[in-house]
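J.: give me coordinates for this.
(one chain, ligands or ions: 2)
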Amino acid sequence: TAPLDDRALRDMKQRGEKIAVLTAYDASLASQCESAGVDVLLVGDSLGMVIQGHDSTLPVSMTDMIYHTGHVARARQRALLIADMPYQSDTTDELALENGRALLAAGADMVKLEGGGALIPRVKQLVDNGVPVCGHLGLLPQSVNELGGYKVQGRDADAARRMIEDAVALEAAGAGLVVLECIPHQLAARITAAVSIPTIGIGAGAECDGQVLVIYDLLGMTPGKRPRFVKDFLAELGPGMGVNAAIAEYVRQVKAGEFPQAEHTYQ
Ligand code: KIV
Ligand code: NA
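T.: Ligands and ions are numbered 1, 2, ... in the order given. Have a look, this model is predicted:
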């Protein structure tokens, strides 16, 4: 069967069927995600932190992203495959198009860019030139220095209004999906209602059309203090259960609307 496309995901939103997304960086975990029913695989630039051990995503290069996208693409069967555009890979229209095409050539179906506002014409340029785009609003890890740390975004009325406008503009520019990271769940619900493309939340509450987690967080492999939105599904299942069962339980809870709960959510 052909992989899911952005049309199929939009139909899921319309039907009210939740979309289960996980990051993947290698073929083995990507095939575990496939057999557990994950709808979208994201080769996130979070690999700079969880694979490479950096303390931000800023050091990740296009070479890194192409390398990991290839690994995941070889294991992909049904899921839509999104690859992140890494830091400063999209600073001009020309560069963004060249790098977006390189990620498609490595096996991605769609590329993800962080930001709204002035970036939105660049999103349109990519889509118009055959590079499908996923937007990313809220906490933008590539802008961690400008944001003054990993903090909840969109808390004041002005920022919330701008984020809704950005989401609407991303849809108008042709984006097929939009990730919402670390925003109050009420704002995520307003954005989800304002666009017909699916919203995929991380720390954005249960009203989003889908959810995404970093796969190592779901498997309890994150050292140190965990963000509020993280849940260790492997530990929850208890002894004797494995990686595939934990991923399948994540998919089940997302589809059933059981994850995230209020305890994983910002007000
Ligand atoms: O890089 C990543 O893993 C991401 C998700 C957290 C949305 O961008
Ligand atoms: Na990312």
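
J.: so where do the helices sit in this protein?
T.: Assigned by DSSP state H, the helices in the chain fall at 6-15, 27-35, 47-50, 62-75, 93-105, 120-128, 144-147, 157-173, 185-194, 215-218, 233-237, 243-256.

J.: any chance of those helices in a markdown table, plus distance to Pro227, mean neighbour count and mean pLDDT?
T.: In this view, the C-beta of every residue, glycine as well, is placed from N, C-alpha and C. Putting those into a markdown table (distance: least, Cβ to Cβ, whole Å; neighbours: other Cβ atoms under 10 Å; pLDDT from 0 to 100) gives the following:
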| stretch | distance to Pro227 | mean neighbour count | mean pLDDT |
| --- | --- | --- | --- |
| helix 6-15 | 25 | 15 | 97 |
| helix 27-35 | 20 | 19 | 98 |
| helix 47-50 | 12 | 21 | 97 |
| helix 62-75 | 22 | 19 | 98 |
| helix 93-105 | 27 | 18 | 98 |
| helix 120-128 | 27 | 19 | 98 |
| helix 144-147 | 13 | 11 | 94 |
| helix 157-173 | 19 | 17 | 98 |
| helix 185-194 | 15 | 20 | 98 |
| helix 215-218 | 8 | 22 | 97 |
| helix 233-237 | 15 | 17 | 96 |
| helix 243-256 | 16 | 19 | 98 |
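
J.: and the ones you listed: which comes nearest ligand 2?
T.: Closest to ligand 2 of those, according to Cβ to the ion: helix 47-50, at 8.7 Å.

J.: what sits closest to Lys255 if chain neighbours are left out?
T.: Of all residues beyond its chain neighbours, the one nearest Lys255 is Lys18 (5.1 Å), with distances taken as Cβ to Cβ, 6 or more residues apart in numbering.

J.: now do that neighbour against Ala194, distance only.
T.: 18 Å (Cβ to Cβ, to the nearest Å).

J.: show me what contacts the nearest residue to Ile66 once chain neighbours are set aside?
T.: Among residues not flanking Ile66 along the chain, Ala106 sits closest, at 4.5 Å (Cβ to Cβ, 6+ apart). Counting by Cβ atoms under 8 Å, 6 or more residues apart in numbering, Ala106 makes contact with 65-66, 69-70, 73, 83.

J.: 10 Å instead?
T.: 43, 62, 65-73, 81, 83 (Cβ atoms under 10 Å, 6 or more residues apart in numbering).

J.: repeat for Glu181
T.: 114, 136-141, 150, 152-153, 188, 200-204, 212, 229.

J.: now, the residues you listed that are in strands?
T.: Residues of these located in strands (DSSP state E): 136-138, 200-202, 212.

J.: quick one: the residues you listed as CSV, columns for distance to ligand 1 too.
T.: Putting these into CSV (distance: Cβ to the nearest ligand atom, whole Å) gives the following:
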residue, distance to ligand 1
His136, 6
Leu137, 11
Gly138, 10
Ile200, 7
Gly201, 9
Ile202, 5
Val212, 5
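
J.: make TSV out of these and add neighbour count and pLDDT.
T.: Below are the ones in strands among the contacts of Glu181 laid out as TSV (neighbours: other Cβ atoms under 10 Å; pLDDT from 0 to 100):
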residue	neighbour count	pLDDT
His136	27	98
Leu137	27	98
Gly138	27	98
Ile200	29	99
Gly201	30	98
Ile202	26	98
Val212	26	98
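
J.: tell me which residue in the stretch 1-150 of the chain sits closest to ligand 1.
T.: Closest contact between the stretch 1-150 of the chain and ligand 1, by Cβ to the nearest ligand atom, is at Gly44 (2.4 Å).

J.: what's the burial count for that residue?
T.: Around Gly44 sit 31 other residues, with neighbours defined as other Cβ atoms under 10 Å.

J.: roughly how far does it sit from Leu4?
T.: 18 Å.

J.: ligand 1 contacts on the stretch 1-150 of the chain?
T.: 23, 42, 44-46, 84 (Cβ under 6 Å from any ligand atom).

J.: one step back: and of the contacts of Ala106, the nearest to Ile247?
T.: Val72 (14.4 Å; Cβ to Cβ).

J.: nearest spatial neighbour of that closest one, chain-adjacent residues omitted?
T.: Going by Cβ to Cβ, 6+ apart, Val72 has Ala30 as its nearest residue, at 4.5 Å.
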